[in-house]
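Undergrad: take this sequence and fold it.
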Amino acid sequence: MRKLLGVISIIVLTVAVGFGQQSQAPPVSLQNPPLPPPTANQNSQNPPRGKISVTVNLVLVDARVTDRNGKPIRGLKPEQFTVLENDKPQRISSFEYFDASATETASAGEHKQLILPLSGLKPTQDVQRELPKRRLIVLFYDLTSMQPDQLLRAVSSGEEFLQEQLSPADLVSVVTFGNQLSVLTSFIDNRATLLRAVRSIRLGKDAELATLDNAATVAGQVSAREDTSAAFESDETEFNIFNTDRKLMALESLAQLLREIPGKKSVIHYTGGISQTGEENRSQLIATTDASNRSNVSIYTVDMRGLYATIPGGDASIGAPQKIELYNGAAVLHQTEMRHLSRDTLVTLAVDTGGKAFFDRGDFHEVYQTVQDEGTGYYLLGYYSTDPKTDGRWRRSLVKVNVPGAHVQSRQGYYADRDTRLATAKDRQEQLGVAMRSESPRVELPVALSTSYFRLSDREYFVPLDAKLDSSALEWAEKKGNREAQFQFAAEVRDEKTHKIVSALQDSITVNLADDRFKQVQRRPLVYQGGVILPPGQYRLKFLAREDSSGRIGSFEEDLNLPIPQMGQLELSSVLLSNQLDTAKTSSEVKRSALGPDAKLKTTPLDVSGGRIIPNVTRVFTPQQKLLVYFQAYLPDKLDSSNLRAGLVFYCNGEWVSETPLATATDVDLKTRVASFRVELPLEKFPVGQYEVRAIAVNAAGEQAAFGQNRFALQLAPPAVAGASTGSGN
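TA: Modelled structure (predicted):
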């Protein structure tokens, strides 16, 4: 892990100021907070059994009603059903019967051909009208958990299903998970296309992840695995935690992809087992089952290891145990325990989502028959819960039918939405972790991010992170006559090639303002300042901002390209645009709490005489403001700093507008060979439009030159609101 910069501030901007002047309402700053490394997944508890899909406040329950012979009972009315939530009757608001039997018995050409993409978008109305007559089945192959013989068995099983048991009512999709989630086919009923997709599945290096299923040791027992005497080998237990999370996250992503498709979706999960490592994977397990519940997805887990005799102590692929474990039976007990633990996760996934788990099978005909039977005919009941609480607790659900001898198979409950104001610190941390791992952007909280880079040495860059939040979109709580808001800020930087985390930060900020100060900043943005130190390279940055009171999250992602320094050449940093200096000191209005050790940096490249430069995050200015352009030049050893000159050229909508004369550097550090340039100019005479500003640095005594650029927009200020002060463009 690279060292992290510990300089973070949050600025409440209230009025426009000139450079070097103090604002009438000084910014609130916080300096030198600690920055934490990425945190591991948080612990959680297993959910009760059952599944329900929730859309806003509408709860959807699918119920299968059969007679004494197990045959579906059709034609029931809503008044024959009773729905209880936590033993309290609920009023049925929607009622629909899904029946695939007519389509199943139809001859070729009598049913409509359908192609339903797994796009995450709601199907068209024509497709939705046809879906109640179909079954939706996903063949999901987890390549990271199966050995070659297990995958061959899974592929062969899928081929047999498609050739012998596939009916006209079945819409089937083929999905695999290796390095990423791959959708091989949409929901289709074309047997030839589906067979080609299944036969194309091959096992590659992903199978190496399946060899670590014995990484976890049972609590209270010593390790019974082979002693390799490798004192510095990687921690397989830690690896297994993330490996298991990847498997569960793939199922969670699949469930989210299926959410907009109406009705029940059955996922046949081909796997070689999923081993949990103590409590570490519980939070992701709950997230996966909850996503399945909300998407009306039932998971049918199929252990492709089949029925086989266990060799005491393991086969030739496992090294012999050492020391006392060789004689006291701990190795055999551990081997058996790990097999049961890997199955326990599969059972939890199946039962908690309304599916079933299948073990010790040589013939998989019953698996597909069960999926087809349970998807042939069911009632979809909807009700609006009478419980207004948003406590995130499990709510028991029971469906009864007034038909003698009838049996009802239904979802047994669901998790209520959680009000984040009632969430624990562990819940909030888990929410941040899920958002950071998600590939989908979060836009509940509007956030904009600005980055730049400045060289600290030939091996390190300082990368400022400046995020802007609209204070009018925030929820301020009233506490003892003051207004308070709490925020969490987190960032991860991953290497573009290895995808490993090379830097991270997380900080908790509380802003407490008196009533008069709150009125001043109510319509003004808040700017969070942070920074990381990175070596040259290509990276992917993900930044999160969360408001604790509402739980809303905003995310922002950006590529970082930090060039390798060419020490014998004249080079420039990023060209940074600003319209304000922060001259305020640390204030009691802001409190911070951060994880991890301090990584303090006394000054940053943005610290100049008179204060700290506050970048304009959105790069939008008005003619009433001044523009500050700041950049650094890095001098080769043979270049005399007195010969260095730099200037700016402005282009509006592609045409030359203005330029500044070449001038000497504002500051020069001869020890580090860094020359800083700070150019200030008013914008009142510039026409409104889109601008490109180019910085040019030249050696007056030679031929060396360096160039940099940035863009900004100049627009008219909005009409002033009565009683409001003029706002800063930041």
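
Undergrad: quick check: F712 is in a strand.
TA: Yes. Counting by DSSP: H, G, I helix; E, B strand; the rest coil, F712 is located in a strand.

Undergrad: now it. Nearest residue, chain neighbours left out?
TA: Excluding its sequence neighbours, the residue lying closest to F712 (Cβ to Cβ, 6 or more residues apart in numbering) is R619, at 4.1 Å. In this view, the C-beta of every residue, glycine as well, is placed from N, C-alpha and C.

Undergrad: OK, contacts around the nearest residue to V620 once chain neighbours are set aside?
TA: In space, and not counting its chain neighbours, V620 is closest to A713: 4.9 Å by Cβ to Cβ, 6+ apart. Contact analysis of A713 by Cβ atoms under 8 Å, 6 or more residues apart in numbering lists 619-621, 689-691.

Undergrad: how far away is the most centrally placed residue in the chain from A287?
TA: The residue lying closest to the centre of the chain (Cα atoms, centre = their mean) is S438, at 2.0 Å. Distance of S438 to A287, given as Cβ to Cβ, to the nearest Å: 10 Å.

Undergrad: cool, S658 as well?
TA: From S658 to A287 the distance is 54 Å (Cβ to Cβ).

Undergrad: quick one: which of the two has more around it?
TA: A287 (23 against 14; other Cβ atoms under 10 Å).

Undergrad: I'd assumed the more buried one was in a helix, is it?
TA: Yes. Note on A287: a helix contains this position according to three-state DSSP.

Undergrad: list the contacts for it?
TA: Taking Cβ under 8 Å, 6+ apart as the test, what A287 contacts is 248, 252, 434.

Undergrad: so what's N482 bridging to?
TA: Beta-bridge pairing for N482 (DSSP bridges): K479.

Undergrad: contact partners for the residue nearest to F712?
TA: Counted by Cβ under 8 Å, 6+ apart, R619 has contacts 450, 577, 710-713.

Undergrad: now the helices: where do they sit in this protein?
TA: Here the chain has its helices, by DSSP state H, at 101-104, 125-130, 148-160, 191-199, 236-257, 282-294, 325-328, 330-352, 365-374, 425-437, 515-521.

Undergrad: could you break this protein into its assigned domains?
TA: The chain breaks down into these domains under automatic domain parsing: 9-41+422-714, 135-224+264-375.

Undergrad: quick one: closest of those to A406.
TA: domain 135-224+264-375 (16.0 Å; Cβ to Cβ).

Undergrad: where among the domains of the chain is average confidence lowest?
TA: Of all these, the minimum mean pLDDT falls on domain 135-224+264-375 (a mean of 76).

Undergrad: and that one, how far apart are its ends?
TA: Using Cα to Cα, to the nearest Å, the end-to-end distance of domain 135-224+264-375 comes out at 6 Å.

Undergrad: which residues in the stretch 501-650 of the chain form strands?
TA: Counting by DSSP state E, counting those that start in this stretch, the stretch 501-650 of the chain has strands at residues 501-513, 525-534, 537-547, 553-562, 571-572, 576-582, 590-594, 607-608, 611-615, 620-621, 626-634, 644-652.

Undergrad: among those, which is the most enclosed?
TA: The highest mean neighbour count among those, using mean count of other Cβ atoms under 10 Å, belongs to strand 576-582: a mean of 26.

Undergrad: the closest residue to S200 other than its chain neighbours: neighbour count?
TA: Nearest residue to S200 in three dimensions, chain neighbours excluded: L184, at 7.0 Å (Cβ to Cβ, 6+ apart). By the criterion of other Cβ under 10 Å, L184 has 17 neighbours.

Undergrad: what's the answer for the one 4 residues further on, then?
TA: Neighbourhood size, I188 [other Cβ under 10 Å]: 19.

Undergrad: ok so, going back, which of the helices of the chain sits closest to S385?
TA: Short answer: helix 282-294, nearest of the helices of the chain by Cβ to Cβ, at 14.0 Å.

Undergrad: which of the contacts of A287 has the most neighbours?
TA: E252 (24 neighbours).

Undergrad: and that residue, what is it in contact with?
TA: 284, 287-288, 291-292 are the contacts of E252 under Cβ under 8 Å, 6+ apart.

Undergrad: swap in 7 Å and give it another go.
TA: By Cβ atoms under 7 Å, 6 or more residues apart in numbering, the contact set of E252 is 287-288, 291.

Undergrad: repeat for Q80
TA: Here Q80 is in contact with 401-403 (Cβ under 7 Å, 6+ apart).

Undergrad: which of these count as buried?
TA: Among those, the ones that count as buried by 16 or more other Cβ atoms under 10 Å are V401.

Undergrad: please narrow the contacts of Q80 to those residing in strands.
TA: V401 (DSSP state E).

Undergrad: tell me the one of the contacts of Q80 nearest R524?
TA: Taking the contacts of Q80 together and measuring to R524 by Cβ to Cβ, the closest member is V401, at 58.9 Å.

Undergrad: tell me how far the closest one lies from R64.
TA: For V401 relative to R64 (Cβ to Cβ), the value is 11 Å.

Undergrad: before we move on, what about V493?
TA: In terms of Cβ to Cβ, V493 sits 49 Å off from R64.

Undergrad: and for L560?
TA: Counting by Cβ to Cβ - L560 and R64 are separated by 53 Å.

Undergrad: what does A663 give?
TA: Taken as Cβ to Cβ, the span from A663 to R64 is 80 Å.

Undergrad: again with L445
TA: For L445, the distance to R64 - Cβ to Cβ - is 41 Å.

Undergrad: neighbour count: A663 and R64, which is higher?
TA: In this view A663 and R64 are compared by other Cβ under 10 Å, and R64 has more residues nearby, 21 against 13.

Undergrad: wait, doesn't the more buried one sit right on T376?
TA: No. Assessed by Cβ atoms under 7 Å, R64 is found out of contact with T376, at 8.6 Å.

Undergrad: so what's in contact with those two at the same time?
TA: With Cβ under 7 Å, 6+ apart as the test, R64 and T376 both reach P72.

Undergrad: using JSON lines, please lay out the contacts of R619 together with distance to T510.
TA: Converted to JSON lines, these look like this (distance: Cβ to Cβ, whole Å):
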{"residue": "S450", "distance to T510": "24"}
{"residue": "L577", "distance to T510": "30"}
{"residue": "N710", "distance to T510": "33"}
{"residue": "R711", "distance to T510": "35"}
{"residue": "F712", "distance to T510": "32"}
{"residue": "A713", "distance to T510": "33"}
